[in-house]
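Novice: The following comprises the amino acid sequence and a computationally predicted model.
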Amino acid sequence: MAEVKKNEEPRIGVFVCHCGTNIAGSIDVKAVMEYARTLPNVAIADDYQYMCSTPGQNKIAEAIAEQKLTGVVVAACSPRLHEPTFRNATKAGGLNPFRFEMANIREQNSWVHMHQPEEATAKAKDAVRIAVAKASLLEDLVPKSVPVEKAAMVVGGGVGGMQAALDLANAGIKTYLVEKSPTIGGRMSQLDKTFPTLDCSQCILTPKMVDVYRNEGIELLTYTEVEQVEGYIGNFDVTLRKKARGVITPAEAEARGIVGGGCTGCGDCVDVCPVIKPNPFELGMAPRKAIYIYHPQVSPLIYTVDFDACVKCGLCVEACGEKKAVDLEMKDELMTVKVGTVVLATGYDIFPIEKKFEWGYKNYDNVITSLEFERLICASGPTGGHLVRPSDGETPKKIAFVLCAGSRDSTGVGKPYCSRFCCMYSLKHAHQIIEKIPGAIPYIFYMDIRSFGKMYEEFYYRIQNEGAKFIRGRVANILEDPVTKNLHVNAEDTLLGRPIDMEVDMVVLAAAIQPTAETEKTRRLFGVSCSQDGWLLEAHPKLNPCGTTTAGVYLAGVCQGPKDIPDTVAQAEGAASAASIPIHRGEVELEPYFAQCMEEKCAGCGLCVNQCPYGALSLVEKDGRTVMQVTEAKCKGCGTCGGFCPGGAIWMQHFATPQIVAQIDAFLLGGEQ
Amino acid sequence: MADENWKPKIIAIICNWCSYAGADLAGGARIQYPPDIRAIRVMCTGRIDPLFILKAFQDGADGVLVSGCHFGDCHYLEGNFKAAKRMFLLKSVLKNIGLDDKRLRMTFVSASEGAKWGMVMEDVIKTINELGPSPLKEFAR
C-alpha cells in the first residue's frame, strides 16, 4: 500500500456517477463534475455512466496512480449501498480504503427532487464540496481483526429456528437453541395439515424435533429466555434465564447424584395433580394440570410445573417416587454463553381479533379463529378431530370463512399488511370440511385469493371443484341468533352487486398475525431495528433478507415478516448459512471507527468515562498525570465520548472533529453565497 | 423578508443506522420533498458535539436538524438519549444568545420511516422559512 505522508497537500479525485438516468435524469452531472474541478484540493474530476461497473472502478484506480491522489470522492448512491465497493476500488488503486468519502446524490437527492433539476444540481454540488472537504482530511486506518467464537445461538424453537440450528450444528458449529416454552415445535406443531400437499403437520415436524433433540452439536435450552446481551459480532456474551421448570432431566438427576432418576415422561405426576388449568397449546379449549406437557410429541419429553398454578401439595413428588424428578423448590437460573453469531427466529402471535368487535369473536360461541379450527379438526386435538360447535357440540354443516380478518385493514384497528398464508390455509380448511363432514358446505368470504406459491393455484382450482362456495366481499358484521346460536353473516357480494344475509352454523375468522409479545424485548437486546408494523428489519429487503444492521445477527422466518412454512425454512437455511460464514472464517474485521485519546489535550477529568455505554474508557496514570485510555476491543465507534469531551481531546477515527467541522464549513462558507 | 431570493441554508447531522437509512428509504420510495437541507452522516447522534451546531450557526446556518433513532432503538444503546439531553441544553443556550431555539430541531426517524423523513424535511424547511434568515448570517466567515 502506498504510504501517504502526513501533512501532505491533499490531492482529491472526484468521480460523479450518472447511474443511467437515476441521477442524470434530474441532476446535471457534467455541471457537477465541472464544478468539482474548481474546488480546492481537487486534482481530477470525472464522470461516468455507472461508477460501480468495472470500468468505473478502474477509473478510480488509474486516477490514484496517475494523479498521486490522497483521497477519493464518489458522488453516486448511498454509502450504505456502495461504500464497500468504492473502498475496494480505492484499495485496488493503492490507497488506504478509508481515504474514500461518498457523496449521496441519488437516494437523498435525485430521487427525492425529481422535478427540481436546478435545485437538485445545486444540492449535488454542495454534497460534492462537503465530501471533498472531508476527504482532504481523511487518514489511513486499519480495520481491527477479532477472533470469532466457534458457537452460534438460535432464538426461537419453531420450524425456522429448528432448521437454522440443525444447519449450523451440521456445519460443525456448536449451537445453542433457546426456546421460551417447554418444548420446541412452535406454531407448526399446532397445525393439523399443511397446504397444498395436505401433509400431516406433526408427521413432518416431529422427525425434525427428534433430530434437534438428538443432534450432539445442539444444546437445547427450552423454557429459557434471553436476559441480556453484551459484545459484538464474533463475541456475544448472552445471559439466559433458565426458568424454574420444577422437574429435572435424567442428566440433571445424575449430576445431583440420584441414580436412575430424572423425568422419564411417564406422566404419573399428572394423574395425581389436583389443579386444572386451560391448556394454552389447545388455545384454552382443553384442560391441563399444573404439571404438564403440551402434547404427546413434545421434545424434550420432560414435564413442567406451572408455578403460578401449583398449590405445592406434593402429590406429584410422591407419585414420582424414587426417580425424584419433581423439585418444587426449584428457582430460575442465570447462565451466560459466548457465541459468535445469532439467528433470531421468534415467530408470530395471532392478532387479537376480538378488537374487530363487529365479528363478535369472544362474544359469540360459534365464532372461532383459524388456529382454533386447526386444533378442533386435528385428530390429537381436544375433540379428537371432530369439528363441533362450541355452543352445543353439534356438527356444523354451513361454515363461513372470513378471510383478511384483521389483515389488509386500513381502519387502524387491524393490520395494513397481508398475512400471506390465510388464503391458503382457509382453502385447506374448506377441503377438510368437505372431506370430513358429509353434506357440509364451506362459504369463503374473500377480497382476493392469493395463491402465489408452487402448486398453490392448482390447489385453489381443486377446492373450487370440490364444491366450496366463494363470495367476493368483506364481511360487514356478524349477528348471533340468541336461541339457535346460529350466526348471520352480513356482507356484500361484490361480483353480483347485492347484499347478503347468510345464516351459518359456524364462522371461522382467518385472523391476521403480528410479532410475538417478546419480539420487541428480544430485538432491543440484540440491537435489531423493526419496521413500522413491528416485524424485524432485514439489512436490505432484496439483497440481504437474512441479515440485520447489527453485524452477526441474522433473521429467520415470520419474525422478519409474514411467510409460510416453505419460505420460513428457506430463510432459516439462508440465515444459518450467513451465520456460519464469520464462524468458519474464524475472524471478522471491525470498522476502525475507534475513539483515540489525544493525551496532550486530555485533562483527565473522566467525564467521558461515564458517557461510554460499553465501558471502553478508563482513566490511567501516564507520565505523572491522569489521562483517558480507550480499550479498542470494547469501543464500537459511536462517538458519544467525542461529542461530550469538554477539551476536544478525543479523536474519533473517520469522524474526527476537524473532519466534521470541515464539512460544516464547506457547506455554509464554501459555496456561492 | 429582506431578500426575495433568499433560500434557507439548513444542515442536518444524522445518524447512520436510523435516520440516514430512513432518508435513503424515502429516496427508494421516491418521496418528494423540498431540497434545502444538506445532510452530514455520523455513526450516532451521540457523536454530535454541541459545538458543531454552534459552529454551524456561527457560519450562518439558518437551521440545524439533528436526527437519530427512536429512544430504545439506538444502535449504540443510548447515544440518541445523550444527544437529546445535549440538544435541550443547547436550545437554552441559543435562546440566551438571542437565536430562536426553533432553528435547532431534533427528530427521531427510524430506518423504516421513509415517509416520516419526507414529512420532517417539509416541516423543518417550513419552520425555517417562517423564521427567515438567521440574524447571525451577516457575521458569518
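Specialist: Great, that's in hand.
Novice: Can you check which helix is longest in chain A?
Specialist: In terms of residue count, the longest helix belonging to chain A (DSSP state H) is helix A:565-585.
Novice: Figure out how far it is from the centre of its chain.
Specialist: 13 Å (CA atoms, centre = their mean, to the nearest Å).
Novice: repeat for stretch A:78-87
Specialist: For stretch A:78-87, the distance to the chain centre is 24 Å (CA atoms, centre = their mean).
Novice: Stretch A:137-146 too?
Specialist: Counting by CA atoms, centre = their mean, stretch A:137-146 is centred 30 Å from the centre of its parent chain.
Novice: And it, what's buried?
Specialist: Judged by neighbour count (16 or more other CB atoms under 10 Å in any protein chain shown), stretch A:137-146 contains these buried residues: A:Leu137, A:Leu138, A:Glu139, A:Leu141, A:Val146. Backbone N, C-alpha and C define where each C-beta goes, glycine included.
Novice: what do you get for stretch A:420-438?
Specialist: Using 16+ other CB under 10 Å as the test for burial, stretch A:420-438 gives A:420-434, A:437.
Novice: just to revisit the earlier point, check which element follows the longest helix of chain A along the chain.
Specialist: Next helix or strand after helix A:565-585 toward the C-terminus (DSSP states H and E): strand A:587-590.
Novice: Give me the contact status of the helix or strand just after that following strand with chain B.
Specialist: Toward the C-terminal end, the helix or strand that comes next after strand A:587-590 (DSSP H and E) is strand A:595-597. No - applying CB under 8 Å from any CB of the partner chain, one finds strand A:595-597 separated from chain B by no less than 9.9 Å.
Novice: and strand A:595-597, what does it pack onto?
Specialist: Helices and strands touching strand A:595-597, by 3 or more CB pairs under 8 Å, 6 or more residues apart in numbering or on different chains; DSSP states H and E, are strand A:625-630, strand A:650-652.
Novice: List the buried residues in the shortest one.
Specialist: Read it as strand A:650-652. For strand A:650-652, a neighbour-count test (16+ other CB under 10 Å) marks A:Ile650, A:Trp651, A:Met652 as buried.
Novice: got the buried residues for the helix or strand following that strand?
Specialist: Next in sequence after strand A:650-652, counting helices and strands by DSSP H and E, comes helix A:657-670. Using 16+ other CB under 10 Å as the test for burial, helix A:657-670 gives A:Thr657, A:Gln659, A:Ile660, A:Val661, A:Ala662, A:Gln663, A:Ile664, A:Asp665, A:Ala666, A:Phe667, A:Leu668, A:Gly670.
Novice: same check, this time on stretch A:603-610
Specialist: If you call a residue buried by 16+ other CB under 10 Å, then stretch A:603-610 has these buried ones: A:Gly604, A:Cys608.
Novice: can you list contacts of that stretch?
Specialist: Contact with stretch A:603-610 is made by A:617-619, A:625-628, A:641, A:644-647, A:649-650, as judged by CB atoms under 8 Å, 6 or more residues apart in numbering or on different chains.
Novice: what do you get if the cut-off is 7 Å, keeping everything else the same?
Specialist: Residues outside stretch A:603-610 that contact it (CB atoms under 7 Å, 6 or more residues apart in numbering or on different chains) are A:617-619, A:625-628, A:641, A:644-647, A:650.
Novice: Report the two of those separated the most.
Specialist: A:Arg625 and A:Phe644 (20.5 Å; CB to CB).
Novice: Compare neighbour counts for the two and give me the winner.
Specialist: Of the pair A:Arg625 and A:Phe644, A:Phe644 is the one with more neighbours under other CB atoms under 10 Å in any protein chain shown, namely 21 against 11.
Novice: where's the more buried one relative to A:Gly527, distance?
Specialist: Using CB to CB, to the nearest Å, we find A:Phe644 at a distance of 21 Å from A:Gly527.
Novice: Equivalent analysis for A:Gln611, please.
Specialist: According to CB to CB, A:Gln611 and A:Gly527 sit 18 Å apart.
Novice: and if you look at A:Gly158?
Specialist: Relative to A:Gly527, and taking CB to CB, A:Gly158 is found at 22 Å.
Novice: and these two? which has more neighbours close in?
Specialist: Neighbours were counted for A:Gly158 and for A:Gly527 using other CB under 10 Å; A:Gly158 has more, 27 against 20.
Novice: Excluding chain neighbours, give the residue nearest to that one in space.
Specialist: Excluding the flanking residues, the one nearest A:Gly158 by CB to CB, 6 or more residues apart in numbering or on different chains is A:Gly186, at 2.4 Å.
Novice: Quick check: beta-bridge partners of the residue nearest the centre of chain B?
Specialist: Nearest to the mean C-alpha position of chain B, by CA atoms, centre = their mean, lies B:Leu65 at 0.6 Å. Beta bridges link B:Leu65 to B:Ala12, B:Arg105, judged by DSSP bridges.
Novice: Quick one, grab the pLDDT at it.
Specialist: We have a pLDDT of 98 for B:Leu65.
Novice: Is it correct that it is in contact with B:Arg105?
Specialist: Yes - under the criterion of CB atoms under 7 Å, B:Leu65 makes contact with B:Arg105 at 5.1 Å.
Novice: joint contacts of those two?
Specialist: Common neighbours of B:Leu65 and B:Arg105 (criterion: CB under 7 Å, 6+ apart): B:Val124.
Novice: coming back round to it: list the contacts of the residue nearest to A:Gly158.
Specialist: Neighbour list for A:Gly186: A:Gly157, A:Gly158, A:Val159, A:Gly347 [criterion: CB under 7 Å, 6+ apart].
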